[in-house]
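*Asks:* sequence and predicted model, in that order:
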Amino acid sequence: METVVTFVEMGGYAGYIWPAYGLSALVLIVLLLASLRGLRSREAALHDLQRQDDFAAVRSRRRART
Amino acid sequence: MLSGFLEVMRRDVRLAVRQGMDSLMAVVFFVIACVLFPLGVGPEPQTLARIASGILCVAALLAAMLSLERLFQADYEDGTLEQVALSPLPLEAVVVAKVAAHWLVTGLPLIAASPVLAILLQLDAKSYPALLAALALTTPTLSLIGAVGAALVLGARRGGVLLALLVLPLYIPELIFAVAAIDAAGFGYPVQPHLLLLAGLLVAAVVLVPWTAAAALRQALA
Amino acid sequence: MFSASALACVRGERAVFAGLSFTLAPGGALVLVGANGAGKSSLLRLMAGLLKPAAGHLAWDGADIADDYEAHRRRLRYVGHADALKPALSVLENLRSWSVLWGGRGGAAERAEAALEAFGIGRLRDVPARYLSAGQRRRLALSRLLVAPAPLWLLDEPRTALDVDAIARLDREVQRHRQAGGLVVMALHGGERPRRPRRSILRTRRRRPVI
Amino acid sequence: MDDGNEMSEAGPVVRDRPGERWGGRWNVFNRYANPTRFMQLSAKLVPWFAGATVLLMAAGLYFALFASPPDYQQGESVRIMYVHVPAAWMAMFCYTSMAVASAIGLIWRHPVAEMTAKATAPIGACFTFLALVTGSLWGKPMWGTWWVWDARLTSVLVLFFLYLGYMALENAFDDPARGTRAAGILALVGFVNVPIIKFSVDWWNTLHQPASVVRMGGPTIDSSMLIPLLVMAGAFTCYYFWVVLVRVRGEIIASRIRGLRLRQVHG
């Protein structure tokens, strides 16, 4: 228990070290998640568009035949 | 070729003279910005004398930057830029001609106004030659670097603010060496090394800027 | 001889046209017709070298213009949508600048005045351009064609805002230019029809060509 | 013309074959760069970089927080160095990659390079921001103040502004291709200027040397500190490649979406 406390206290520098690590983790994780989410949503949007597009292509081909 | 170069320059100067107030605006801004500082930091001569060089250089830099926004904008909007780009004169030469004209109508008045403002700001009398020399070497470089920024923001939304964001970080070396030169003169140190650095930056800008700005203009026209 | 082979143009990320070819001999004219957005202006800007083709080549006497844009610029005059006038300068001052740029200092003012006369605005020479009407501005822009000789004229909807007299003057100058062996490429705007049907017409159309 | 110039008529203008999913741009530049191939390659690489990042980060944190000794002068606060210094390295690294990618994009019109430059900017800006903030958090206990106008801090601050300028210019145009080209030129201009700015700031700093500054990062560094530093730097580098691949994939898909949308509008 005591070792945990001394570890967390960081020789009195806890107020500087933990914010530095915490903020770094926060920024890097947020950037990563934002990038991944951007990719996901674009993939989904592309998927939808391609389906519409294929549908439209099929329809126009069918119309051309009749 | 030379006649075309001079013609572009002469036309810009003539336009600036016809539209008198537009180019005076930079000087007026310079004066007002400098006058605000004593009101902000207090009128004590010692304080002012200490920071006068910095105020003058920062204000001159901002004034030069503000006037640059229109450097290519008007020509871009009215079609002159594409006509000039199609003329036999290389676009690099057009950039130099326009920057030279811009310096004549804004840089020179800034230099001319600076001694008066230096008096108002209690600048040490020993520093005056250094002030003029530093501004004479700095303002052309400011115009040149700014020309790249002005060419890059053509057609952008919020061009003015964007130009400041792009160009001000690039102005830092100019500011540092100009203030260092003026301060060195005030403290009685040699001024020459600072001025040589400013001259070196000017030479580098003269070599690199026309080429870069012309590339930026081409992609703006494409 | 000005020719294009398999020219393609991409604006933004959109293919405007592709696979476009033509050949234009001395004295020839090419009229571009097509709907808005069909790429008439883009084609003219490609021909001027302001845009780079996404594929294909433009060649002058067999040499790709991309090899020497500077030489290409010397042989063309381009009149686009914008008139490229400075309102604060007089009509003659406006034109004299271009006259110097293209033809050198010697006789620049005389050439400019002759060009103004040809388009019927000689009497306006000392009037600041800000007072001109749209048609007069257009005439002034077209006067640039005449300040120094150049074999290739690229005109983007040149008749916009012109009155009957000005159109006649333009047609006369185009005719004179072609008789001297010059080439003209002209875009007409939507409603306009080329007056002589035998002229070569290049329709820039997306998808199917409708001729 | 009336005299009968030969002239072939304009053919069908947009190639409208089913296989071509997205606009003309890719078809035209296929010979230079193939985003499809990049998509395949990056799909394979992403998991590896993700795994490497997690492993190296875990090892780095273990070394940085547990296994390394406190500094004899700075005490435990030296542990901030293990994020601060790698972040500062990455700030430089990202700017360099951005400039190189921009140059490739401008010269060879390589679309993947353009997208890499665009995707790198926010990552570099984040690392620069972290370098500044962790530097400030380290400076408070060491120098007794959150910020000193130290040459390094000032240069990093300027670098941060350069990133902001790049991203602002990139986003300032309605035509994305236009923004990428303009920002690419800016990245190169900035790249040439970074050494000049660094030099000028050093010069300025020697003129205005603040008396109380303890110089950071002494001349020698013990291996017990070097290991966590290098491991963390490796973790950050892998993180960069991971995120940049993800972002470039996103850019490629976005351009496919734009192509499809344009086709909807223009037929």
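*Replies:* Received, thanks. Numbers count the residues shown, from 1 in each chain, chains lettered A, B, ... in the order given.
*Asks:* how about stretch D:36-54: buried residues?
*Replies:* Buried residues in stretch D:36-54, counting neighbours by 16 or more other Cβ atoms under 10 Å in any protein chain shown, are found at D:F38, D:S42, D:V46, D:F49, D:A50, D:A52, D:T53. (Glycine included, C-beta is placed from N, CA and C.)
*Asks:* let's have those residues in CSV, adding secondary structure, pLDDT and distance to chain C.
*Replies:* Output for the buried residues of stretch D:36-54, formatted as CSV (DSSP: H, G, I helix; E, B strand; the rest coil; pLDDT from 0 to 100; distance: Cβ to the nearest Cβ, whole Å):
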residue, secondary structure, pLDDT, distance to chain C
D:F38, helix, 85, 17
D:S42, helix, 89, 21
D:V46, helix, 92, 25
D:F49, helix, 95, 29
D:A50, helix, 95, 30
D:A52, helix, 95, 34
D:T53, helix, 94, 33
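*Asks:* out of those residues, the closest to chain B would be?
*Replies:* D:F38 (24.0 Å; Cβ to the nearest Cβ).
*Asks:* would the strand or helix carrying D:R258 count as contacting chain C?
*Replies:* Assignment of secondary structure by DSSP states H and E places D:R258 within helix D:223-266. Yes. Residues of helix D:223-266 contacting chain C under Cβ under 8 Å from any Cβ of the partner chain: D:S255, D:R258, D:G259, D:L262, D:H266.
*Asks:* that helix vs chain A: in contact?
*Replies:* Yes. Contact of helix D:223-266 with chain A (Cβ under 8 Å from any Cβ) involves D:239, D:242-243, D:246-247, D:249-250, D:253-254, D:256-257, D:260-261, D:263-264.
*Asks:* packing partners for that helix?
*Replies:* Judged by 3 or more Cβ pairs under 8 Å, 6 or more residues apart in numbering or on different chains; DSSP states H and E, the packing partners of helix D:223-266 are helix A:14-65, helix D:23-29, helix D:35-62, helix D:81-108, helix D:111-143.
*Asks:* would JSON lines of these with distance to B:S127 be doable?
*Replies:* Converted to JSON lines, the helices and strands packed on helix D:223-266 look like this (distance: least, Cβ to Cβ, whole Å):
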{"stretch": "helix A:14-65", "distance to B:S127": "42"}
{"stretch": "helix D:23-29", "distance to B:S127": "57"}
{"stretch": "helix D:35-62", "distance to B:S127": "52"}
{"stretch": "helix D:81-108", "distance to B:S127": "37"}
{"stretch": "helix D:111-143", "distance to B:S127": "32"}
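*Asks:* closest to chain B out of those helices?
*Replies:* So among the helices and strands packed on helix D:223-266, helix D:81-108 is nearest, using Cβ to the nearest Cβ, at 8.0 Å.
*Asks:* show me which residues of that closest one are buried.
*Replies:* Under 16+ other Cβ under 10 Å, the buried positions of helix D:81-108 are D:81-95, D:97-106.
*Asks:* do stretch C:16-30 as well
*Replies:* C:16-25, C:27-30.
*Asks:* quick one: which of these is nearest A:E9?
*Replies:* Nearest to A:E9 among these, counting by Cβ to Cβ, is C:V16 at 67.1 Å.
*Asks:* can I assume that closest one sits in a strand?
*Replies:* Yes. Judged by DSSP: H, G, I helix; E, B strand; the rest coil, C:V16 forms part of a strand.
*Asks:* ok, it touching C:C9?
*Replies:* Yes. Under the criterion of Cβ atoms under 8 Å, C:V16 makes contact with C:C9 at 4.4 Å.
*Asks:* before we move on, back to that, select from the helices and strands packed on helix D:223-266 the stretch with the lowest mean pLDDT.
*Replies:* Per-segment mean pLDDT for the helices and strands packed on helix D:223-266 reaches its minimum on helix D:23-29, at a mean of 42.
*Asks:* ok, the residue lying farthest from the centre of chain B to chain A distance?
*Replies:* Here the centre of chain B is the reference, and by Cα atoms, centre = their mean the most remote residue is B:E44, at 29.7 Å. According to Cβ to the nearest Cβ, to the nearest Å, B:E44 and chain A sit 38 Å apart.
*Asks:* if we can go back for a sec, quick check on the residues of helix D:223-266 next to chain A: which are buried?
*Replies:* Buried among those by 16+ other Cβ under 10 Å: D:239, D:242-243, D:246-247, D:249-250, D:253-254, D:256-257, D:260-261, D:263.
*Asks:* go through those and name the one nearest D:G165.
*Replies:* Distance to D:G165, by Cβ to Cβ, is smallest for D:R247 among these, at 19.3 Å.
*Asks:* what residues of the one helix or strand C:A114 maps to count as buried?
*Replies:* Here C:A114, judged by DSSP H and E, is contained in helix C:108-118. The neighbour-count check on helix C:108-118 (16+ other Cβ under 10 Å) flags C:A108, C:R111, C:A112, C:E113, C:A115, C:L116, C:A118 as buried.
*Asks:* worst-scoring helix or strand of chain C, pLDDT-wise?
*Replies:* Using mean pLDDT, DSSP states H and E, the weakest-scoring helix or strand in chain C turns out to be strand C:201-203, at a mean of 64.
*Asks:* part of a strand, is D:F160?
*Replies:* No. With three-state DSSP as the criterion, D:F160 is assigned helix and is not in a strand.
*Asks:* what's the burial count for the closest residue to it other than its chain neighbours?
*Replies:* Ranked by Cβ to Cβ, 6 or more residues apart in numbering or on different chains and with sequence neighbours excluded, the top spatial neighbour of D:F160 is D:T128, at 4.5 Å. D:T128 is flanked by 26 other residues according to other Cβ atoms under 10 Å in any protein chain shown.
*Asks:* residues contacting D:T128?
*Replies:* D:A87, D:A91, D:C94, D:V156, D:L159, D:F160, D:Y163 (Cβ atoms under 8 Å, 6 or more residues apart in numbering or on different chains).
*Asks:* does C:R77 belong to a helix, a strand or coil?
*Replies:* strand.
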